Structures are given as structure tokens and as C-alpha cells.
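1. here is my input; please provide its structure:
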Amino acid sequence: LDVLDSQGDPEKENSLLENCITQGYDCVIIQPNDGELQRPYAEKLVEAGIKVITTNAKIPDLEGASSVDADPYEQGAVLARDAAEKIPENGKIVILNCLPGNLHTTTRYKAFQEELLAKRPDIEVLGDQIIEQGSEADAMAVFEDWAQSYGTWDCTLTTSDALAQGFINMAKDNPAFENTLVYGVDGTAGGMLNVIDGTQTATC
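-> Numbering: from 1, shown residues only. From the prediction side, this is the model:
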């Protein structure tokens, strides 16, 4: 088993997938950065007779391959429904997304729009942004900018636990954010521990 790291770069991932053909692998498990950008290279693997599995986020309808994945809409929807019940009337929120083109983050974000914002028109969205990478440091920088611009808000809604961690890092020891709801997706070990210790409202 060889683990190949594309470092979040779709072009590097495509290059690695091409190398898998020349290296003669029997099976390639792909975690796409951008499913549609990876699709032609995954198809080349299938055409070369190599077994292909895509996972998190899968490449939908890839003929000759299989996938292992969760429902990204429902991942976002369960959090949005919970937030819809807990955000106070006329509440103020921020939404941070990441990985443009990624099936999971894009679909989670769609669930936030449909399951929260469409059903709670009283809510005011102060900040709504998508960043290239889903790193804690990049997220923290955005939250710091928003804190300077908006002061505080009632809910932080993110498409990954790493982004939620960026908010938690920013808000640490700041009493203004003590009661801010914090949502992330992925159910990472860190996200679960944050829920247990009360710094994160929920993960999925």
C-alpha cells in the first residue's frame, strides 16, 4: 500500500493518478480534491484495467468504478436544522466554506442555504466566504477579520471541523463569543472532543 499526497492540489493529484497507470497499480483509492477535475484521470485508470474506488468526495457516476461516501447534503442539513432551532430571533451568523468545486463542501453549503436560511428569513448573514484550503490557520484569519468588522455574532456555521477549529482558536479567552453556536462537519477526533468540552456545538 502506497499513500500519495496531492497536498490539496488538483493538478498534482491528476499527475499522481497518471503515474499510477505507469506504475501498474492493481487498485487506486482516490479522494478527489475536485471530482470533475479528477474525473478524466479516474476514467483513464478504469480504461487501463485498474480497479478504482472514490471516496469523500466521490466522483459520481464513474462507470466501472465504485465509491464509498456519506450523503453530503444530509451532513450539512442535520447541522442547519439544529442551528435553525437554536439561533435566536433576528440572530446574526457567519458561514465559512472551503475547497471550491469539492462535492462535499459545495453540497453541505447548499444544505445550509435550504435548511437554515430559506426557513429563517429573520437571520442576518454577516459574513459568507469560501476559502481555497480547509486549514485552521486560514479559517482563523477570516474569523479574525470578521471579528474586527462585525464585533460578535450568534452562530458560526462551517463546512468542516478544521474550519470550526479556526473559529475556536480565534475566540479562545474572548468572552464576547462565549455563547456563540459553533458547527462543523466531518466528525473528526478533534471535533468530537470539542463537542464534549463544550467549545463546539455539534459535528456530523
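2. only C-alpha atoms for contact and neighbour calcs from this point on.
-> Will do.
3. next secondary structure after the lowest-mean-pLDDT helix or strand in the chain?
-> One helix or strand of the chain scores below all others by mean pLDDT, DSSP states H and E: strand 66-68, with a mean of 83. Sequence-wise, the next helix or strand downstream of strand 66-68 (DSSP states H and E) is helix 72-86.
4. can you tell me what sits against the helix or strand following that following helix?
-> As assigned by DSSP H and E, the chain's next helix or strand after helix 72-86 is strand 92-98. For strand 92-98, the external contacting residues (Cα atoms under 8 Å, 6 or more residues apart in numbering) are 105-106, 109, 123-134, 139, 153-160, 163.
5. neighbours of the nearest residue to residue 176 once chain neighbours are set aside, how many?
-> Excluding its sequence neighbours, the residue lying closest to residue 176 (Cα to Cα, 6 or more residues apart in numbering) is residue 152, at 6.4 Å. Using other Cα atoms under 10 Å, the number of residues around residue 152 comes to 17.
6. wait, residue 152 touches residue 177, no?
-> Yes - checked against Cα atoms under 8 Å, the pair residue 152 and residue 177 is within contact range at 6.5 Å.
7. where do the strands sit along this structure?
-> Here the chain has its strands, by DSSP state E, at 27-30, 51-55, 66-68, 92-98, 124-131, 155-158, 181-183.
8. closest one to residue 148 among those?
-> strand 124-131 (11.8 Å; Cα to Cα).
9. quick one: low-confidence ranges for the chain?
-> Residues of the chain meeting the criterion pLDDT under 70: 57.
10. and the helices in it?
-> With DSSP state H as the definition, the chain shows helices at residue ranges 10-23, 35-47, 72-86, 103-112, 136-150, 161-171, 189-197.
11. which elements pack onto the second one?
-> Using 3 or more Cα pairs under 8 Å, 6 or more residues apart in numbering; DSSP states H and E as the contact criterion, the secondary-structure elements in contact with helix 35-47 are helix 10-23, strand 51-55.
12. swap in the first one?
-> Judged by 3+ Cα pairs under 8 Å, 6+ apart, the packing partners of helix 10-23 are helix 35-47.
13. in the helix it packs on, which residues are buried?
-> By 16 or more other Cα atoms under 10 Å, the buried positions in helix 35-47 come out as 35, 36, 37, 38, 39, 41, 42, 43, 45, 46.
14. could you dump those to JSON lines with distance to residue 53?
-> As requested, the buried residues of helix 35-47 are exported to JSON lines (distance: Cα to Cα, whole Å):
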{"residue": "35", "distance to residue 53": "13"}
{"residue": "36", "distance to residue 53": "15"}
{"residue": "37", "distance to residue 53": "16"}
{"residue": "38", "distance to residue 53": "13"}
{"residue": "39", "distance to residue 53": "12"}
{"residue": "41", "distance to residue 53": "13"}
{"residue": "42", "distance to residue 53": "9"}
{"residue": "43", "distance to residue 53": "11"}
{"residue": "45", "distance to residue 53": "11"}
{"residue": "46", "distance to residue 53": "10"}
